[in-house]
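# The following block contains a protein sequence and its predicted model.
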Amino acid sequence: MRTWILLPIIAAACSNSSVSPANTAANVQTAAPLGKLRIVPQGMIGVALVGVDRAPYETVTADELLAKQKEVAAAVEAMGGAATEGAAGLFFYGFDSDRLVYHYGHTHWRCKGLGCWDYVAAMMYVVRRQGDAAVKLGVDRKIDLYEHDHGGIRGGMSMDEVKALLGPPPRTSMEQRVGDSRWYYADRTILFLGGSVAAVEPPP
């Protein structure tokens with residue numbers, strides 16, 4: 001059985017690094033609702049992506065987004081880590097039938113002693129779902145889990161929906177974050193993040 005798992009695409013760098021979007025008046029829009037998106041669970045303990053409704057957004061190509069990811073990843077390696085007030089991160093945030101949306105933001109510590117912080121959006125990047133864009137960006141299998149059945153299971157299903165379909169799991173294990181768990185069936189393992197299906201994995 002193949003594994004469809006929803007994990008964040010993460011890069012981080014100091015907010016005053018040389019990484020900057022190639023903005024033009026033609027493709028940068030002022031803050032506006034991005035419309036209804038399927039939000040991808042991040043699975044990061046103590047970390048939240050905020051400010052989406054207030055951030056401007058820019059339409060870029062898949063190749064441009066890949067270049068931004070590489071630039072930011074190189075910057076974070078040079079600075080030695082991302083756990084710094086004002087550091088930046090780039091995440092696959094969500095999608096719909098036409099768009100792949102990425103969250104670019106900077107860290108703000110909410111409770112540093114407990115290791116929890118927000119990434120406050122500075123820009124939302126929009127990549128059109130054309131050609132092999134999703135494959136290039138490595139998010140095609142994440143999206144596939146939502147858009148197609150995998151043994152009756154789709155991404156985003158609730159625990160109650162899974163239980164109604166497959167019955168109570170013979171065994172479960174809790175993850176570190178409340179609402180995150182794995183349910184073990186004879187033919188598959190289902191990962192829940194925030195109470196919703198985020199991955200279908202082979203049995204252990």
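Cool, the structure landed.
# just checking, what's the longest helix in this protein?
Here the longest helix in the chain is taken by residue count, with DSSP state H as the criterion, and it is helix 62-79.
# so how far is the helix or strand following that helix from its chain's centroid?
Sequence-wise, the next helix or strand downstream of helix 62-79 (DSSP states H and E) is strand 88-95. Mean-position distance between strand 88-95 and its chain equals 5 Å (C-alpha atoms, centre = their mean, to the nearest Å).
# what bridges to Tyr57?
Listed by DSSP bridges, the beta-bridge partners for Tyr57 are Gln29, Met124.
# and it, how far is that from Lys136?
Using C-beta to C-beta, to the nearest Å, one obtains 20 Å as the distance from Tyr57 to Lys136. All C-beta atoms are positioned from the backbone trio N, CA, C, and that covers glycine.
# more neighbours, those two?
Each of Tyr57 and Lys136 has its neighbours counted (other C-beta atoms under 10 Å); Tyr57 has more, 22 against 15.
# Wait, a helix at Arg141?
Yes. Under DSSP: H, G, I helix; E, B strand; the rest coil, Arg141 sits within a helix.
# sorry, back to before: okay, buried residues for the longest helix of the chain please.
62, 64-65, 68-69, 71-73, 75-76 (16 or more other C-beta atoms under 10 Å).
# Next: stretch 128-136.
Applying a neighbour-count criterion of 16+ other C-beta under 10 Å, one finds 129, 133-134 buried in stretch 128-136.
# now do the same end-to-end measure for it.
Distance between the two ends of stretch 128-136: 12 Å, counting by C-alpha to C-alpha, to the nearest Å.
# Contacts for it next, please.
59, 61-63, 66, 95, 97-100, 127, 140, 143 (C-beta atoms under 8 Å, 6 or more residues apart in numbering).
# which among the residues you listed end up buried?
For those, burial is judged from neighbour counts taken by 16+ other C-beta under 10 Å, and it is met by 62, 95, 99-100, 127, 143.
# Can you tell me which of those is nearest Arg38?
For those, the minimum distance to Arg38 (C-beta to C-beta) is 5.6 Å, reached by Phe95.
# Fine, thanks again, bye for now.
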